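S.K.: Let me see the structure of the following:
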Amino acid sequence: MPIEYKKNRALFRDVVTVEEAEGLLEWLQTRPGAQADLAACSHLHTANLQVLMSAKARISKWPKDPGLRAWLEPALQTAELNSGK
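M.R.: Predicted coordinates for the structure are as follows:
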């Protein structure tokens, strides 16, 4: 399972494909203060990035993969800054 949902935290693991985007969106819509743990994520489909950005999800842990982190961090931090958090 690429995304494991806890009470208020989504754990992203390995390759997170487009198929997970709709479930992620629905989960985030019911948990406005939820956090995303991307530490174990090795690939994130852009549909999931868009969901995280639009939901202004807080990132509790960034990917361990430096290339993935370099791609995600600026986009997600900009979304967070624009939300006023």
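
S.K.: When you work out contacts or count neighbours from here on, use the C-alpha atoms and nothing else.
M.R.: Noted.

S.K.: contacts for the helix of greatest length in the chain?
M.R.: Counting by DSSP state H, the longest helix found in the chain is helix 66-83. Helix 66-83 has contacts (C-alpha atoms under 8 Å, 6 or more residues apart in numbering) with Ser42, His43, Leu49, Leu52, Met53, Ser54, Lys56, Ala57, Arg58, Trp62, Pro63.

S.K.: cool, and stretch 32-43?
M.R.: By C-alpha under 8 Å, 6+ apart, stretch 32-43 touches 8-17, 28, 55, 57-65, 68.

S.K.: before we move on, what about stretch 21-28?
M.R.: So stretch 21-28 is contacted by Ala34, Ala47, Asn48, Val51, Leu52, Ala55, Ala57 (C-alpha under 8 Å, 6+ apart).

S.K.: hmm, 6 Å instead?
M.R.: Contacts with stretch 21-28, where a contact means C-alpha atoms under 6 Å, 6 or more residues apart in numbering, come from Ala47, Asn48, Val51.

S.K.: top of those residues by neighbour count?
M.R.: Asn48 (20 neighbours; other C-alpha atoms under 10 Å).

S.K.: That residue - that's part of a strand, no?
M.R.: No: using DSSP: H, G, I helix; E, B strand; the rest coil, the assignment for Asn48 is helix, not a strand.

S.K.: about what we covered before: strands - which of the contacts of stretch 32-43 land there?
M.R.: Counted as lying in strands by DSSP state E, out of those, are Arg9, Ala10, Leu11, Phe12, Arg13, Asp14, Val15, Val16, Arg58, Ile59, Ser60, Lys61.
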